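> coordinates only, sequence not included:
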């Protein structure tokens, strides 16, 4: 369809020079938007400028990149598809669209797109080179590297080698780049771009060869090597307790959303803040902390204008603010390059210029703040926080650093795996003052086995769960009363408290409810929690005829009220650390059935106050139904078991116990840690449930 002819007064640019200037201005504006907030603030101006050349593919592409930067959580895939339909032969558009598909984890579609628009034409070296570079851009590195090597083997042009090296360097593959350049390095003129690249690669490689062997560098991402060497720079640091004042503590996590780790961190912070307001004398850990400062730091929270999902991001923010706790946001901190920070060692400074992006993020934003505030303890909660926070805390001179693991390690949770993790944690194990902390024995054992470390290096910080109250808000009470009327004939209530996210397997839970209802037609079901699978869960319940027997409560701040309505609680998670919800159920005297995820089995006495299913990956729903039925019958006749459940939970999982254990971890470790070399192939053994709950 032809576009309408524009009037003579139209402001649309026609002159090619003006289009080039417009592109350059949009590129400048895009480069200046280094934060989500700045991108959102600049988007209106970018939209206005782009109207001057609405048909130019580069202008449209730059505008889409601007929109992506301003709203990273909102996919613009259809807009990229539309641009590609208008400009199907533009390789740059193909590259950006394919990259967008990769970001959305649709790699097969991205590869199919490349095959369709840039098919392999090995007899045409320029076309083959374009394909190899495009494959590299969408992170199909194996296919890209193989094509580059085939081209070099057949044509062996210097420009092919230089092009390959550019892509290898971009990925940090320095040793591989040296190998590709070596046959032609003497023929590259130093005043050409290829010669400059070769000289830079040679200088960088020579620098890293001072620390690592040729074999150790082969096939390694030099950014991860730089991270490791930067951490090991602090291997001989000396840390000592400060006796002139109570310790100051910074707790760090990704967000304050409605997760178990976030709940525990917020709870710990609030109780530490209450202690900080006292002046109790004494020699114990709690008294020693009296008067100490406590703050919380997150990547992003809903108090920020940049927050994309405020209702989820600020779930625990209000609790912290009401307690008078200062909450700082890393995303809002002005980045300060390592070159402008007080780093006196030239080698370390050079390493800091080549870090992985997440580590660089922490070093440039967190380090100046931590250095200025002079914290005694920085407690980093969850793997991602450890990744961006460890080196930042070391550079800031923090004496005590906690690496707090809240779930199974990334080698098991493959969707969260990054190659940086293992290298970072192995290096961290050699640094004085760094504590490895886990919220369950199971998690500690899995981390120890993965890293090849003695399990004695891990301290156990069990979750602290307060006594549950059955008080409810009017909204909660109204939901229950309405549901109770609609299910008036029900004689038992089976409940679940979890986020409606894939790891928690809410759809499997609903299938279990459907099967259980066939056995026990007078049952009804309640799920407390919300998440991405809410609509899918509701649809499945309707499909299975459960809609009138299942109440999807959504988020609730009065979980104790809902526990008081349950006869048994069921958790079918694929991954867990130490599930708070199982502890809460035990405190409420509710028996539980759970998959053997993470430390779930540490939350109750298997076969007495709860039951652990035999299989994690494919839970036997018939087994689950049998155990739930047995638990329901028992709970309705045996009050003693409920009392035992409460007593055990109060001993192991009290808030006071958590505080005492945490403050015991705030004492510096003097000298280098004693880390025996791991025995090859040896795995840590499961620990008896009655051993010391603080240290394995």
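All right, it came through fine. Remember, predicted model here, so these are calculated numbers, not experimental data.

> can you mark which positions in stretch 527-537 are buried?
Residues 527, 528, 529, 530, 531, 533, 534, 537 are the ones in stretch 527-537 that count as buried (16 or more other C-beta atoms under 10 Å). In short, each C-beta sits where N, CA and C put it, glycine included.

> cool, and stretch 590-610?
For stretch 590-610, burial by neighbour count (16+ other C-beta under 10 Å) applies to 590-605, 609-610.

> that stretch spans what distance, first to last residue?
Criterion C-alpha to C-alpha, to the nearest Å; first-to-last residue distance in stretch 590-610 is 9 Å.

> do the same with stretch 465-483
By C-alpha to C-alpha, the extent of stretch 465-483 from end to end equals 28 Å.

> list the contacts of that stretch.
Stretch 465-483 is contacted by residues 267, 524, 526, 551, 553, 556-565, 580, 583-584, 587-588, 649-650, 653-655 when judged by C-beta atoms under 8 Å, 6 or more residues apart in numbering.

> in that stretch, which residues are buried?
465, 468, 472, 476, 479, 480, 483.

> so which residues of the stretch 251-400 of the chain form strands?
The residue ranges that make up the strands of the stretch 251-400 of the chain, judged by DSSP state E, counting those that start in this stretch, are 294-298, 327-329, 377-381, 400-405.

> just so I know, which of these lies nearest residue 437?
Of all the strands of the stretch 251-400 of the chain, strand 400-405 sits nearest to residue 437, with 4.6 Å by C-beta to C-beta.

> which other helices and strands does that closest one contact?
strand 377-381, helix 383-395, strand 434-438, helix 441-451 (3 or more C-beta pairs under 8 Å, 6 or more residues apart in numbering; DSSP states H and E).

> just the ones of the contacts of stretch 465-483 in strands?
Secondary structure of the contacts of stretch 465-483 is defined by DSSP state E; positions in strands are 524, 526, 551, 553.

> I'd like those residues as a markdown table, with distance to residue 663 appended.
What follows is the ones in strands among the contacts of stretch 465-483, written out as a markdown table (distance: C-beta to C-beta, whole Å):
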| residue | distance to residue 663 |
| --- | --- |
| 524 | 44 |
| 526 | 38 |
| 551 | 41 |
| 553 | 36 |
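
> give the burial count for residue 613, as a bare number.
Neighbours of residue 613 under the rule other C-beta atoms under 10 Å: 20.

> list the contacts of it.
Residue 613 is in contact with 593, 594, 595, 596, 619, 620, 623, 624, 627, counting by C-beta under 8 Å, 6+ apart.

> looking at the buried residues of stretch 465-483, which gets the smallest pLDDT?
Among the buried residues of stretch 465-483, residue 468 carries the lowest pLDDT, at 83.

> quick check: phi and psi at that residue.
Residue 468 adopts backbone torsions of phi -80, psi 140, taken as degrees, to the nearest 10.

> for it, which non-adjacent residue is closest in space?
The shortest distance from residue 468 to any non-neighbouring residue, by C-beta to C-beta, 6 or more residues apart in numbering, is to residue 560 (3.4 Å).

> repeat that for residue 353.
The spatial neighbour of residue 353 that comes closest, neighbours along the chain excluded (C-beta to C-beta, 6+ apart), is residue 338 at 6.5 Å.

> residue 540 touches residue 510, doesn't it?
Yes: under the criterion of C-beta atoms under 8 Å, residue 540 is in contact with residue 510, at a separation of 5.1 Å.

> of those two, which one has the most company?
Neighbours were counted for residue 540 and for residue 510 using other C-beta under 10 Å; residue 510 has more, 25 against 21.

> tell me who's in contact with that one.
Residues 537, 540, 541, 544, 546, 550 are the ones in contact with residue 510 under the rule C-beta under 8 Å, 6+ apart.

> in helices, which of these fall?
With helices taken from DSSP state H, the overlap with the contacts of residue 510 comprises 537, 540, 541.

> correct me, but the last one touches residue 547?
Yes: assessed by C-beta under 8 Å, residue 541 is found in contact with residue 547 at 5.2 Å.

> the more surrounded of those two?
Neighbours were tallied for residue 541 and for residue 547 using other C-beta under 10 Å; the higher tally belongs to residue 541 (24 against 14).

> what's near enough to touch that one?
For residue 541, the residues meeting the contact criterion (C-beta under 8 Å, 6+ apart) are 510, 513, 547, 550, 552.

> and those as JSON lines, adding pLDDT and distance to residue 123?
As requested, the contacts of residue 541 are arranged in JSON lines below (pLDDT from 0 to 100; distance: C-beta to C-beta, whole Å):
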{"residue": "510", "pLDDT": "97", "distance to residue 123": "56"}
{"residue": "513", "pLDDT": "97", "distance to residue 123": "61"}
{"residue": "547", "pLDDT": "93", "distance to residue 123": "62"}
{"residue": "550", "pLDDT": "97", "distance to residue 123": "62"}
{"residue": "552", "pLDDT": "96", "distance to residue 123": "60"}
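
> closest to residue 253 out of those residues?
Out of the contacts of residue 541, the one with the shortest distance to residue 253 is residue 552. That distance is 27.5 Å, counting by C-beta to C-beta.

> residue 625 and residue 513 touch, don't they?
No: with contact defined as C-beta under 8 Å, residue 625 does not reach residue 513; the gap is 9.7 Å.

> in the stretch 551-696 of the chain, where is pLDDT below threshold?
635-639, 669-696 (pLDDT under 70).

> tell me where it has strands.
Listed in chain order, the strands found in the stretch 551-696 of the chain under DSSP E, counting those that start in this stretch are 568-571, 592-594, 610-612.

> what strands line up against the longest one, and which way round?
To tie it back to what came earlier, the one meant is strand 568-571. Strand 568-571 has the following strand partners under DSSP bridges: strand 492-497 (parallel), strand 592-594 (parallel).

> contacts for the longest one?
Taking C-beta under 8 Å, 6+ apart as the criterion, the residues outside strand 492-497 that touch it are 506, 509, 513, 516, 520, 522-529, 559, 562-563, 565-571, 581, 584-585, 590, 628, 632, 636.

> where in the protein is pLDDT low?
Where the chain drops to pLDDT under 70, the residues are 1-17, 72-75, 241-244, 277-291, 302-313, 635-639, 669-696.

> centroid-nearest residue for it?
The centre of the chain sits closest to residue 384, judged by C-alpha atoms, centre = their mean, with a distance of 4.6 Å.

> domains for the protein, by residue range?
Taking automatic domain parsing as the domain assignment, the ranges for the chain are 12-74, 249-460, 474-653.

> before we move on, the earlier item: buried among the contacts of strand 492-497? Make that a ChimeraX selection.
Buried subset of these, written as a ChimeraX selection, criterion 16+ other C-beta under 10 Å:
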select :506,509,513,516,520,523,524,525,526,527,528,529,559,562,563,565,566,567,568,569,570,571,581,584,585,590,628,632
